[in-house]
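Novice: Kindly return the folded structure for what I paste below:
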Amino acid sequence: LQKMPQGEILKGDIIIGNNWAQDAGVYEFTMGVDGSKVKGRYSFIYVFEDGEWKISHHHSSVMPEAFLGAPPAPEPAIEEEEVVL
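Specialist: Residues are numbered from 1 along each chain as shown. Just a heads-up that it's a prediction; the model follows:
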């Protein structure tokens, strides 16, 4: 691949069933050409058929934070003053 990406799983959850397995989580790719990083979500569904494990489904998408930016910081709490009449 042109940018020479190297992937690392940052968080993954695996569920194993009867002749199927699911792996879903977050991974990060570091581009070998410039060191830039991209985080994404992923999911794989595997099925055991004809004596071997096969990928039945795969999905990957870039984390929305890459486009939207970090969520806004919470506003500080406003303390009410006690009014004495």
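Novice: Distance of Glu81 relative to Glu75?
Specialist: Distance, Glu81 to Glu75, using C-beta to C-beta, to the nearest Å: 18 Å. In short, each C-beta sits where N, CA and C put it, glycine included.
Novice: which residues in the protein form strands?
Specialist: Using DSSP state E, the strands found in the chain span residues 5-16, 20-31, 37-49, 52-62.
Novice: could I get those as TSV with mean pLDDT and mean neighbour count?
Specialist: Formatted as TSV, the strands of the chain follow (pLDDT from 0 to 100; neighbours: other C-beta atoms under 10 Å):
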stretch	mean pLDDT	mean neighbour count
strand 5-16	94	11
strand 20-31	95	15
strand 37-49	95	15
strand 52-62	96	10
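Novice: Quick check: Ala73 vs Lys39, distance?
Specialist: With C-beta to C-beta as the criterion, Ala73 and Lys39 are 20 Å apart.
Novice: residues in contact with stretch 39-51?
Specialist: 10, 19-29, 53-63, 65-66 (C-beta atoms under 8 Å, 6 or more residues apart in numbering).
Novice: cutoff 10 Å now
Specialist: With C-beta atoms under 10 Å, 6 or more residues apart in numbering as the contact definition, stretch 39-51 has outside contacts at 7, 9-29, 53-66.
Novice: and what of stretch 57-65?
Specialist: Stretch 57-65 has contacts (C-beta under 10 Å, 6+ apart) with 22-24, 26-29, 38-47, 71.
Novice: do the same with stretch 25-36
Specialist: Stretch 25-36 is touched from outside by 1-14, 37-44, 60, 62-63, with contacts defined as C-beta under 10 Å, 6+ apart.
Novice: quick one: contacts for Asp23?
Specialist: 9, 12-16, 42-46, 58.
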